[in-house]
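Colleague: need a structure here:
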Amino acid sequence: MYVTVNGARLYFDVEGAGLVAEPDGMRQRPTLLLLHGGPGFDHTGFKPCFSALTDTAQIVYLDQRGQGRSGGPGMGTGSDPGTWTLDQWADDVRGFCDALGIERPVVLGNSFGGFVAQAYALRHPGHTAGLILSSTAARMDLELILAAFERRGGPAARAAAELFWSDVTTDALAPYQRDCMALYTTTHPHGLPGGNRTTVRPEVLAHFSGKVGEIWRMDFRDRLGEIACPVLVLAGDQDPVTPWEAAEELFARLPPGPNQLRRFPHCGHGVFRDDPDAALEAIRGFLQQLG
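Modeller: Numbering: from 1, shown residues only. Model prediction:
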C-alpha cells in the first residue's frame, strides 16, 4: 500500500488487528512501527520474524523515503537526494502516523532506523508511547567499528571494513557485502537472511554514509536526555557495526526512567536475526509494560 507523506510516496504494510473483539467490547492493541536499516534497504528484513508479535501489537512496516519500494522514479520528492536527511526521515515518521491516524505508536528503529527513531523522538516529543532502539548508536565511531570487525574476522575483515567505511560509494557496496556482511550475524554465514528479498537503493547509502555524509556528523549524545518516553535498547555483544560499547554509550545518556538495556550474548547486528525468541520476548515484555 502507498500513502503520500510530505510530498513523498511511501510504501507500507500492516499485519495484525489494531482492535480485537472480546466478549465485553473491543480491546485496542499498541501499534508497533518498524523502521528498517540501511539506509537504502527496506522493511523485508523484519519478515517473517515480527509476525509473531501480532498476538501483542499491530505491526506496521514502512519503507522510508527514497528506499525500498518508496525509492526510484515516480516517488515525488522522495526521489530528491536533498530530502535524504535525518530530519526529513524523522518528520516522515510523524507525517506517516498523522496520515494513517496512528496515535501514540511504539517505534522500533533497527540500525539506521535507530538513527531516524532518535531524531524523530527529539523532533516530536510526546508523540511516541515508547522507543525501541535495536543495534544502533548515538554516533558513528569509525575506530570502534574497525576494532569490532577485527575481533569478529581478524585483520582482513578490519581492512575490508576500513576500505568501505572510509568512503562509502555505490561501487563499494558489492565487495563489502561479499567480504563483511557474513560477519553481521553469528548464525547466518552467508550474510543477512532474506537479502535476496530486499530492494536495495545503494545511492541512498552512498549519499548518507559517504565521506562527507550526514552519518559522520550525526551525534545525539548531548540531546538524549530530552527523550520523554520509555526506551528499550537491544544490542548484540558480537555486533561489528554498532558494537556493544555504542549501546552502552547511548543508554548512559538517556534520562532517568523506566529504560532498559538488553545485551544479547553471541548475537550480531539485529539481535532478532540471531536470537529471535529472546529478542521478541524482550520486545513483547516492553510493549506489555507500556500497557
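Colleague: does the closest residue in space to residue 141 that isn't next to it in sequence count as helix, strand or coil?
Modeller: Once flanking residues are discounted, residue 141 sits nearest to residue 246: 6.8 Å by C-beta to C-beta, 6 or more residues apart in numbering. To be clear about C-beta, it is placed using only N, CA and C from the backbone, and glycine gets the same treatment. Secondary structure state of residue 246, per DSSP: H, G, I helix; E, B strand; the rest coil, is helix.
Colleague: where does residue 262 sit: helix, strand or coil?
Modeller: Per three-state DSSP, residue 262 ends up strand.
Colleague: so what touches the helix or strand of the chain with the lowest mean pLDDT?
Modeller: Every helix and strand of the chain was ranked by mean pLDDT, DSSP states H and E. The lowest is helix 170-179, at a mean of 86. The contact list for helix 170-179 (C-beta atoms under 8 Å, 6 or more residues apart in numbering) reads 156-157, 160-161, 163-164, 191, 200, 202-203, 205-206.
Colleague: pLDDT score for the residue nearest to residue 141?
Modeller: Predicted confidence (pLDDT) for residue 246: 98.
Colleague: that one: how many residues sit nearby?
Modeller: For residue 246, the count of nearby residues is 23 (other C-beta atoms under 10 Å).
Colleague: that one against residue 133, yeah?
Modeller: No. Contact criterion C-beta atoms under 8 Å: residue 246 and residue 133 do not qualify, at 10.4 Å.
Colleague: who does residue 264 bridge with?
Modeller: Per DSSP bridges, the residues bridged to residue 264 are residue 236.
Colleague: neighbours of it, how many?
Modeller: 22.
Colleague: these two touch, right, it and residue 276?
Modeller: No. Between residue 264 and residue 276 there is no contact under C-beta under 8 Å: 10.6 Å.
Colleague: angles on the backbone of residue 257, please.
Modeller: With angles defined as degrees, to the nearest 10, residue 257 sits at phi 160, psi -170.
Colleague: give me the nearest residue to it, chain neighbours excluded.
Modeller: Spatial nearest neighbour of residue 257, chain neighbours left out: residue 230 (6.3 Å); criterion: C-beta to C-beta, 6+ apart.
Colleague: can I get the contacts of helix 170-179 in TSV with distance to residue 17, pLDDT and neighbour count?
Modeller: Compiled in TSV, those are given as follows (distance: C-beta to C-beta, whole Å; pLDDT from 0 to 100; neighbours: other C-beta atoms under 10 Å):
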residue	distance to residue 17	pLDDT	neighbour count
156	49	92	12
157	44	92	20
160	45	92	19
161	43	94	25
163	47	93	14
164	42	95	19
191	34	74	16
200	32	92	17
202	36	93	18
203	37	96	19
205	35	95	24
206	40	95	21
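Colleague: farthest-apart pair in those residues, please.
Modeller: Farthest pair in those (C-beta to C-beta) is 156 and 203. Separation: 28.0 Å.
Colleague: check the secondary structure at the closest residue in space to residue 227 that isn't next to it in sequence for me.
Modeller: Spatial nearest neighbour of residue 227, excluding adjacent residues (C-beta to C-beta, 6+ apart): residue 121 at 5.1 Å. Three-state assignment for residue 121 (three-state DSSP): helix.
Colleague: low pLDDT regions in the stretch 1-150 of the chain?
Modeller: Along the stretch 1-150 of the chain, the model assigns pLDDT under 70 to no residue.
Colleague: now stretch 141-156: how far from the chain's centre is it?
Modeller: Remark: stretch 141-156 is offset 21 Å from the chain centroid, using C-alpha atoms, centre = their mean, to the nearest Å.
Colleague: coming back round to it: quick one: which of the contacts of helix 170-179 is nearest residue 252?
Modeller: residue 161 (25.4 Å).
Colleague: give me the distance between the nearest residue to residue 57 once chain neighbours are set aside and residue 128.
Modeller: Excluding its sequence neighbours, the residue lying closest to residue 57 (C-beta to C-beta, 6+ apart) is residue 32, at 4.3 Å. Residue 32 is 11 Å from residue 128, where distance means C-beta to C-beta, to the nearest Å.
Colleague: just the strands in the stretch 51-200 of the chain please.
Modeller: Assigned by DSSP state E, counting those that start in this stretch, the strands in the stretch 51-200 of the chain fall at 58-62, 106-110, 130-134.
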